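S.K.: build me a model:
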Amino acid sequence: MLDKKEKLVLLYLGEICHDKKTYLIPTQDIAQFVSRKFVISLAELDDIMISLSKDNYLDFVVSDSKKGYYYCVNLKNKGLTFKKDLKKQHKELLWLIARTVILTVVSFVLGLLLKVIFKG
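M.R.: Okay, here's the model as predicted:
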């Protein structure tokens with residue numbers, strides 16, 4: 001299960017990497033996107049990238065140049081379908097809540113109906 005920071009990083013990478021091509025992404029861009037909601041350091045970003053790589057979401061290589069620190073990122077199938085899977089989980093959760101509410105209402109009405117039948 002991914003935590004919130006890992007989900008944000010993966011969502012950003014999903015926006016940048018549209019298909020299975022390899023992209024060179026500056027670490028500052030990823031950190032800037034995540035820093036809208038969380039404070040993140042480059043060491044923590046490295047840990048997140050390693051964790052995502054171990055969870056089979058992406059492959060990455062660290063590149064250090066004169067202009068800064070970069071990641072060469074290649075999303076795997078699991079990483080490419082992450083956004084769809086997240087929407088699917090959200091839809092399933094909403095369906096579970098709706099089903100629970102409907103069953104509660106039906107149960108209450110059935111209880112009232114049985115109460116009226118056996119009282120009279």
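S.K.: in the helix or strand containing Gln89, what's buried?
M.R.: Secondary structure assigned from DSSP states H and E places Gln89 in helix 82-119. Using 16 or more other Cβ atoms under 10 Å as the test for burial, helix 82-119 gives Phe82. C-betas here are computed from N, CA, C, even on glycine.
S.K.: tell me how far that helix lies from the chain's centre.
M.R.: 26 Å (Cα atoms, centre = their mean, to the nearest Å).
S.K.: show me what it is packed against.
M.R.: Judged by 3 or more Cβ pairs under 8 Å, 6 or more residues apart in numbering; DSSP states H and E, helix 82-119 is in contact with helix 4-16.
S.K.: now what about the very next helix or strand once past the helix it packs on, what contacts it?
M.R.: Going down the chain from helix 4-16, the next helix or strand is strand 23-26, by DSSP H and E. Identification of contacts with strand 23-26 by Cβ atoms under 8 Å, 6 or more residues apart in numbering yields 13, 16-17, 63, 67-74.
S.K.: note down every partner strand of strand 23-26 and its orientation.
M.R.: Its sheet considered, strand 23-26 pairs with strand 68-75 (antiparallel) by DSSP bridges.
S.K.: how far does the very next helix or strand once past the partner strand sit from its chain's centre?
M.R.: Using DSSP H and E, the helix or strand that follows strand 68-75 in sequence is helix 77-80. Distance of helix 77-80 from the chain centroid (Cα atoms, centre = their mean) equals 11 Å.
S.K.: how about helix 77-80: buried residues?
M.R.: Within helix 77-80, the residues scored as buried using 16+ other Cβ under 10 Å are 79-80.
S.K.: I'd like the distance between Val106 and Leu113.
M.R.: Separation of Val106 from Leu113 (Cβ to Cβ, to the nearest Å): 10 Å.
S.K.: just Leu93 next, same as before
M.R.: Taken as Cβ to Cβ, the span from Leu93 to Leu113 is 31 Å.
S.K.: same thing with Tyr12?
M.R.: From Tyr12 to Leu113 the distance is 53 Å (Cβ to Cβ).
S.K.: now Cys17
M.R.: From Cys17 to Leu113 the distance is 57 Å (Cβ to Cβ).
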